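With the sequence up front, the predicted model follows.
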Amino acid sequence: MGLLTNPLKGKVCMYYVYLLTNARHSAIYTGVTNNLFRRVYEHRFQGGSQFTSKYKTIFLVYYEEYGDISSAILREKQIKAGSRKKKMDLIYSMNPEWKDLASDWY
C-alpha cells in the first residue's frame, strides 16, 4: 500500500460525527471520532465495528465538524436516536447523490 495523504490534516482539535452506508444504502452507521480519515480507513479496511463488518457500511456519505468532544457526542446521540428518515434527510441535505465523500482519500 502506498503513502496515505490525509485531506483533513491541519484541522486543529476537530471532532467529527459521521454517517456511513453500504453499496445498497440499506444500512446507515453513525459514529464519532477525532480523526475522520483514520476512522473511515478502519471501517473500510480493518472491519471498523461489528455493525460495519456485518452490513458493509464503508462509504462516507455525511459528516459534521465540532470543536469539542462533548458537542460531538451529544450530536451523535441525537442522530442515533432519530429515525432512518431523519438520517436520510441529513445525508440528502449535504450529499443528495449519496456519493462516497472519501472516495479519493486512499
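Arrived safely.

could you dump the helix or strand of the chain with the lowest mean pLDDT to CSV, C-alpha only?
Taking mean pLDDT, DSSP states H and E as the measure, the helices and strands of the chain show their lowest mean at helix 50-55, namely a mean of 92. These are the backbone C-alpha positions of helix 50-55, laid out as CSV (Å, rounded to 0.1, in the frame of the first residue of the first chain):
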residue,chain,number,x,y,z
GLN,A,50,-19.3,-5.2,14.3
PHE,A,51,-22.0,-3.3,12.6
THR,A,52,-19.7,-2.3,9.7
SER,A,53,-18.5,-5.9,9.4
LYS,A,54,-22.0,-7.2,9.2
TYR,A,55,-23.6,-4.6,7.0
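
For the nearest residue to Arg44 once chain neighbours are set aside, give its distance to Arg39.
Spatial nearest neighbour of Arg44, excluding adjacent residues (Cβ to Cβ, 6 or more residues apart in numbering): Ile58 at 4.6 Å. The C-beta positions use only the backbone N, C-alpha and C, and glycine is treated the same way. Distance of Ile58 to Arg39, computed by Cβ to Cβ, to the nearest Å: 11 Å.
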